[in-house]
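# Coordinates for the following, if possible.
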Amino acid sequence: MYGAIEAGGTKFVCAIGNEDLKIIEQESFPTTDPEETMHLVEKFFKKHQNNIESIGVGSFGPIDVDKSSETYGYITSTPKKAWAYFDFVGSLKKRIDRPIAWTTDVNAAAYGEFINSYRQENLNVVYYTIGTGVGGGAIQNGEFIQGFSHPEMGHMKVVSHPEDSFKGNCPFHDNCLEGMAAGPAIEQRNGKKGQEIPVEDPFWDIEAYYIAQSAYNTTLMLSPDVIIFGGGVMKQEHLIEKVRKEFLNLINDYVKTPDIKEYIVTPKLGQNAGTVGCLALAKKLVTKK
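Purely as a prediction, here's the structure:
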């Protein structure tokens, strides 16, 4: 059996899965402060401790993924003040002494989709989550693309829509993807949450324009085989088609991509992509397969 922790900024999802990466038991709870939240994590896994080989963690960030760093396994400069520079891996290891695979939450979701849906074709995959925040992860030849740190695709600059005067709500950058298109930006701009905005509202064309820019930038930088858009905002089923349309306008036939309906897609695993990815990373850590 393997353990999974999808550590989101809003909620934690803990799970146990088997060799086939099937979720056997799953529990979620709000992300509060580290002491309270990690106590609930420990409580969930303690009852399975004798059966767990390893645990995969996909965490909100930024996080330190450099194994040579003194702060490897830490959440670093997060705006969630209680979690800033928290030793996540160290704290978990003290509570549950098992090998721990450590990556970002969006990397974990990307890996879940890759393992479940695309590995047989050995595709290069980019995954974006558009939700409370925006993050991106990329897999090439079965491995995450990263260097001194993990990608922060959610903070790429975007060009404002001609009919949008909103300047973004990111505390670090004006006109970045997260500040313009994440859930809080939608609510701040419209005075209500995305799920309360009618399908026919012209705002969705503006939202699609920003998301399509991330697909445009990704296409020209990485030329992946597939770009997956997940997260709560993408639960608006009409949105993916708008993103495809805007992307085609932006790319303007400059490069030939795979068929658009197979190139820009939503997750096949839905909201379980991150959990399955964490299970897969936990398995990979101890089996090296």
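
# where's Asp174, which helix or strand?
With secondary structure defined by DSSP states H and E, Asp174 is part of neither a helix nor a strand.

# residues near it, how many?
Look at Asp174: counted by other C-beta atoms under 10 Å, it has 12 neighbours. (Each C-beta comes from the backbone N, C-alpha and C, glycine too.)

# mind listing what it touches?
167-168 (C-beta atoms under 8 Å, 6 or more residues apart in numbering).

# Could I get the full set of strands for the protein?
2-7, 11-17, 23-30, 55-59, 74-75, 86-87, 100-104, 125-130, 134-140, 143-144, 226-230, 264-265 (DSSP state E).

# Okay, now the sheet partners of the last one, with direction.
So the one you mean is strand 264-265. When sheet partners are counted by DSSP bridges, strand 264-265 sits next to strand 226-230 (parallel).

# Next one: the residue lying closest to His173 once chain neighbours are set aside from Ala182, what distance?
Once its chain neighbours are removed from consideration, His173 has its nearest residue in His155; the separation is 5.7 Å (C-beta to C-beta, 6 or more residues apart in numbering). Here the distance between His155 and Ala182 works out to 11 Å (C-beta to C-beta, to the nearest Å).

# Neighbour count for those two, which is higher?
For His155 versus Ala182, the count of surrounding residues by other C-beta under 10 Å is larger for Ala182: 28 against 18.

# Spit out the contact partners of that one.
Applying C-beta under 8 Å, 6+ apart as the definition, the contact partners of Ala182 turn out to be 130-134, 154, 233.

# Off-centre distance for the helix or strand of the chain with the lowest mean pLDDT?
Using mean pLDDT, DSSP states H and E, the weakest-scoring helix or strand in the chain turns out to be strand 143-144, at a mean of 93. Taking the mean C-alpha point of strand 143-144 and that of its whole chain, the gap between them comes to 14 Å (C-alpha atoms, centre = their mean, to the nearest Å).

# Paired strands for that strand, with orientation please.
Using DSSP bridges, the neighbouring strands of strand 143-144 in the sheet come out as strand 134-140 (antiparallel).

# what's the angle between the partner strand and strand 55-59?
Angle between the axes of strand 134-140 and strand 55-59 is 130 degrees (criterion: axes from the mean of the first three to the mean of the last three C-alpha atoms, to 10 degrees).

# Does the residue nearest to His173 touch Glu178 like I think?
Yes: with contacts counted by C-beta atoms under 8 Å, His155 reaches Glu178, the gap being 5.9 Å.
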